[in-house]
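Enquirer: here's a sequence, model it:
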Amino acid sequence: MIALGRGQPQRGAERRQHGVRDVLAVALLQPRVVRHTHPGQLRQLLAAQPRHRRRVPRSGSPTSPGRSRARRERRKSLSSVRRSTATGTGRPARPPGAAGFPPPKGVPSVVGTACICSRVHWLAPSRPRMLGGMTHTSVAAYAAPAPKAPLERTTVPRRELGAHDILIDIKFAGICHSDIHTVRAEWGDGGNFPIVPGHEIAGVVSATGSEVTRYQVGDRVGVGCFVDSCRTCDNCRAGLEQYCTGELGTVNTYNDTDRNGEATYGGYATHVVVDENYALRIPDALPLDAAAPLLCAGITLYSPLAHWQAGPGKKVAVVGLGGLGHMGVKIAHAMGAEVTVLSQSLRKKDDGLRLGADHYYATSDPATFEALAGTFDLIVNTVSANLDMGAYLGLLRTNGTLVQLGVPEQPLPIAPFALIGGRRSIAGSLIGGIAETQEMLDFCAEHGLTSEIEVISADRINEAYERVLASDVRYRFVIDTSTI
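Expert: Okay, the predicted model is just below:
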């Protein structure tokens, strides 16, 4: 333990607020100097330290395909204006009471005579860093350094707590097929590397900003696929933040740029800082590890099933029994619908029936499409592959709807007569808003629904990716982030 500031006379508020923050900085860099150096000299030592610049991502696109580089540049420009306007110095205004968070394991604590420093945090074991005028803290994480490269252990910056921010000690992070698509640059113009994936985050609040009202330290919380939006457009006001049409747009949890012009990093990490308005409360009835995949897989299926009113008297088909599909079966069954699984083979039939399916058919058998023609009110397609859409549309009743959830690499060809003949519809759905995601978590807690998971250590992430591609998981990998 290093004791700072003891024996030094107090020289007013300015000394306490500014002198000690520099003492803290130098304590990280040259701890032996602290005991014998006057605070004024320590500030000079700090000024002499080399400045470290953040590794700037070279190029790329956000997680969602089609998001433009121009919008990321516009965010950076807006953030620069906000910083200058807020302080007149080009620095962001620091809300009263905002603070950083404790150092990672293995880094000594520092005690002294003053407040938490607004300039210096535990970015690395020994070096503070300023990025874009904002103070950051580094946390351990697993990242893909380049497209198709294996993920490796590293550190990434997290912003200091703002007035409405919460710090989450991440306990578990689910692996989504979208993570694999993104780090392999299969959806966009290359990705914003290095990328820390993970938008199925479950953990515990370990610190709160000065104006946080929704959560307290110790609360069980989750973070899903996005961490911000414009908050003012019609969709945001309607609780459809995932479809934000404002200038900021929906800010993805990773591989995106936030309102401050900084890169977002996902849940394959030890901690994350997020605005309280974009966190979800995980009910006590849901184990954190099995609840993590609900933040993507759960809401991805709950939203269309709720919107198209799956329930008693409705016949619902789920295409694919994987990480998404198995949650679709569980949720549709809990809603009271008659559920059919359409899978390539009968290999998972026993699982499908156990999870709640009433019927199970193999789509590799042409007789399936003849037997089930005109059967379903709703089909949800969870498969990220190019299917014969005309054949599947033929399974719908008049006025039936096929909802596309999977995102294939190639466009899906659709014959107009497959739609016209029975006034059938094809639609898409993208996760859910914050309110609907909380509704989904409460629904799952009420009905005892969780994802079927296999918990792994962080050093098995690359192996898990290969197993996902080989359909060798039942049904969702979840990372124990204490192993990062």
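
Enquirer: show me where the stretch 251-400 of the chain has its helices.
Expert: 288-291, 297-307, 325-335, 349-355, 367-371, 389-393 (DSSP state H, counting those that start in this stretch).

Enquirer: turn the ones you listed into a markdown table, including distance to residue 270 and mean neighbour count.
Expert: C-beta here means a position set from N, CA and C on the backbone, and glycine is covered the same way. Listed next are the helices of the stretch 251-400 of the chain as a markdown table, based on distance: least, Cβ to Cβ, whole Å; neighbours: other Cβ atoms under 10 Å:
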| stretch | distance to residue 270 | mean neighbour count |
| --- | --- | --- |
| helix 288-291 | 15 | 22 |
| helix 297-307 | 23 | 25 |
| helix 325-335 | 27 | 26 |
| helix 349-355 | 33 | 17 |
| helix 367-371 | 47 | 12 |
| helix 389-393 | 43 | 18 |
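
Enquirer: figure out which of these is closest to residue 260.
Expert: Proximity to residue 260 (Cβ to Cβ) singles out helix 297-307 among the helices of the stretch 251-400 of the chain, at 26.2 Å.

Enquirer: I'd like the distance from the closest one to the chain centre, please.
Expert: 17 Å (Cα atoms, centre = their mean, to the nearest Å).

Enquirer: returning to what we had before: among the helices of the stretch 251-400 of the chain, which is nearest residue 314?
Expert: helix 325-335 (8.4 Å).

Enquirer: and that closest one with helix 297-307, angle?
Expert: If you take axes from the mean of the first three to the mean of the last three Cα atoms, to 10 degrees, helix 325-335 sits at 40 degrees to helix 297-307.

Enquirer: hey, C-alpha coordinates of helix 325-335 in PDB?
Expert: Provided in PDB are the C-alpha atoms of helix 325-335 (Å, rounded to 0.1, in the frame of the first residue of the first chain):
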ATOM      1  CA  GLY A 325     -34.400 -21.200 -32.600                       C
ATOM      2  CA  HIS A 326     -34.400 -23.000 -29.300                       C
ATOM      3  CA  MET A 327     -35.400 -19.800 -27.500                       C
ATOM      4  CA  GLY A 328     -38.200 -19.300 -30.100                       C
ATOM      5  CA  VAL A 329     -39.600 -22.700 -29.300                       C
ATOM      6  CA  LYS A 330     -39.500 -22.000 -25.600                       C
ATOM      7  CA  ILE A 331     -41.100 -18.600 -25.800                       C
ATOM      8  CA  ALA A 332     -43.800 -19.500 -28.400                       C
ATOM      9  CA  HIS A 333     -44.800 -22.500 -26.300                       C
ATOM     10  CA  ALA A 334     -45.000 -20.300 -23.200                       C
ATOM     11  CA  MET A 335     -47.200 -17.900 -25.100                       C
END
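
Enquirer: which elements pack onto it?
Expert: Using 3 or more Cβ pairs under 8 Å, 6 or more residues apart in numbering; DSSP states H and E as the contact test, the elements touching helix 325-335 are helix 297-307, strand 315-319, strand 338-343, helix 349-355, helix 434-447.

Enquirer: would you reformat those as JSON lines and include distance to residue 472?
Expert: Below are the helices and strands packed on helix 325-335 laid out as JSON lines (distance: least, Cβ to Cβ, whole Å):
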{"stretch": "helix 297-307", "distance to residue 472": "17"}
{"stretch": "strand 315-319", "distance to residue 472": "20"}
{"stretch": "strand 338-343", "distance to residue 472": "15"}
{"stretch": "helix 349-355", "distance to residue 472": "14"}
{"stretch": "helix 434-447", "distance to residue 472": "26"}
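
Enquirer: and of those, who's closest to residue 367?
Expert: Per Cβ to Cβ, nearest to residue 367 of the helices and strands packed on helix 325-335: strand 338-343, 12.9 Å.

Enquirer: which residues does the closest one contact?
Expert: Outside strand 338-343, the residues that touch it by Cβ atoms under 8 Å, 6 or more residues apart in numbering are 314-321, 325, 329, 332-333, 348-349, 352, 356-363, 368, 372, 375-376, 379, 392, 395.

Enquirer: quick check on those residues: which are buried?
Expert: Taking 16 or more other Cβ atoms under 10 Å as the criterion, what is buried in those is 314-321, 325, 329, 332-333, 348-349, 352, 356-361, 363, 372, 375-376, 379, 392, 395.

Enquirer: residue 281: neighbour count?
Expert: Residue 281 is flanked by 15 other residues according to other Cβ atoms under 10 Å.

Enquirer: and if you look at residue 454?
Expert: 16.

Enquirer: ok, now residue 216?
Expert: 10.

Enquirer: thinking it is in contact with residue 208, fair?
Expert: Yes: using Cβ atoms under 8 Å, residue 216 is in contact with residue 208, at 6.8 Å.

Enquirer: show me where pLDDT drops low in the stretch 151-300 of the chain?
Expert: 189-190 (pLDDT under 70).

Enquirer: strands along that one, start to end?
Expert: 152-159, 165-174, 201-208, 220-223, 226-228, 251-252, 271-275, 280-281 (DSSP state E, counting those that start in this stretch).

Enquirer: residue 254: what's it in contact with?
Expert: If you count contacts by Cβ under 8 Å, 6+ apart, then residue 254 has 63, 182, 195, 196, 197, 198, 199, 264, 265, 266, 267 around it.

Enquirer: identify, from those, the entry nearest to residue 303.
Expert: When those are compared against residue 303 (criterion: Cβ to Cβ), the nearest one is residue 199, at 15.0 Å.

Enquirer: spit out the contact partners of that closest one.
Expert: 63, 176, 178-179, 223-226, 252-254, 266-267, 295-296.

Enquirer: between the residues you listed, identify the one with the most neighbours.
Expert: residue 267 (33 neighbours).

Enquirer: phi, psi for the closest residue to that residue other than its chain neighbours please.
Expert: Excluding its sequence neighbours, the residue lying closest to residue 267 (Cβ to Cβ, 6 or more residues apart in numbering) is residue 198, at 3.0 Å. Phi and psi for residue 198, reported as degrees, to the nearest 10, are phi 110, psi 100.

Enquirer: distance check, residue 198 against residue 170.
Expert: 8 Å (Cβ to Cβ, to the nearest Å).

Enquirer: residue 422 now?
Expert: Distance from residue 422 to residue 170, by Cβ to Cβ: 47 Å.

Enquirer: the two: who's more crowded?
Expert: residue 170 (28 against 15).

Enquirer: what's across from that one in the sheet?
Expert: residue 203 (DSSP bridges).

Enquirer: does it touch residue 270 like I think?
Expert: Yes: contact criterion Cβ under 8 Å: residue 170 and residue 270 qualify, at 6.0 Å.

Enquirer: distance between the ends of stretch 406-425?
Expert: End-to-end span of stretch 406-425 (Cα to Cα, to the nearest Å): 17 Å.

Enquirer: tally up the residues packed near residue 449, please.
Expert: 24.

Enquirer: phi first, then psi, for it.
Expert: The phi/psi pair for residue 449 (degrees, to the nearest 10) is phi -100, psi 130.

Enquirer: spit out the contact partners of residue 166.
Expert: 205, 207, 208, 209, 212, 215, 221, 273, 274, 275, 276, 279.

Enquirer: could you list every residue that touches the residue lying closest to residue 329 once chain neighbours are set aside?
Expert: Nearest non-adjacent residue to residue 329, counting by Cβ to Cβ, 6+ apart: residue 355, 4.6 Å away. Taking Cβ under 8 Å, 6+ apart, we find residue 355 in contact with 321, 326, 329, 330, 333, 452.
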